[in-house]
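*Asks:* here is the input, now give the coordinates:
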Amino acid sequence: MIRYSLTCDNAHEFEGWFAASDDFDRQGESGFLTCPTCGSSAISKLLMAPSVSTARKKQEMQTLAMDTARKEALAKLKEAVDAIKANAEDVGTKFPEEARKIHYGEADARGIIGQATPTEAQELIDEGIEIAAIPVLPDDVN
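*Replies:* Here you go, the predicted model:
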């Protein structure tokens, strides 16, 4: 893909992406190339510096891709956490006690969430009570 900086006869600047260098000419001649702002079909290329691939640019692209993947993963994780919270009763610090009651049939089976210390969590696991930690995510996860 080739990216050109373009302008119309009304001085609106925009970018265009083309599969090959002659695609710009073909699209311009056929009337498919128009200004997204005013609709003018009198489009010309602006001067551009060539895009040279460097190790730093490759690293920047990899970082951008990782940032995007990280944001997508965090958004999916937030969706899962929100679904868990929406379908569970928050029992707060009484989590270990309530988990035991449910496990031993002393309370109705239901989804619960709450807090437990690392020691309390390990004790529940040692008793054969299935638990899972829910991550605390920042508020700005989208």
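*Asks:* check whether Ala83 sits in a helix, strand or coil.
*Replies:* Under DSSP: H, G, I helix; E, B strand; the rest coil, the three-state class of Ala83 is helix.
*Asks:* residues near it, how many?
*Replies:* Residues lying near Ala83 (other C-beta atoms under 10 Å) number 10. (C-beta placed from N, C-alpha, C; glycine too.)
*Asks:* looking at it now. What's its pLDDT?
*Replies:* Turning to Ala83, the model gives it a pLDDT of 93.
*Asks:* from Ile113, how far out is it?
*Replies:* Separation of Ala83 from Ile113 (C-beta to C-beta, to the nearest Å): 12 Å.
*Asks:* where does Arg110 sit: helix, strand or coil?
*Replies:* Classification of Arg110 using three-state DSSP returns coil.
*Asks:* so what's the closest residue in space to it that isn't next to it in sequence up against?
*Replies:* Nearest non-adjacent residue to Arg110, counting by C-beta to C-beta, 6 or more residues apart in numbering: Glu89, 6.0 Å away. Neighbouring residues of Glu89 by C-beta atoms under 8 Å, 6 or more residues apart in numbering: Arg110, Gly111, Ile112, Ile113.
*Asks:* got the buried residues for the worst-scoring helix or strand of the chain on mean pLDDT?
*Replies:* Every helix and strand of the chain was ranked by mean pLDDT, DSSP states H and E. The lowest is helix 55-86, at a mean of 81. Of all the residues in helix 55-86, those buried under the rule 16 or more other C-beta atoms under 10 Å are Leu74, Lys78, Val81.
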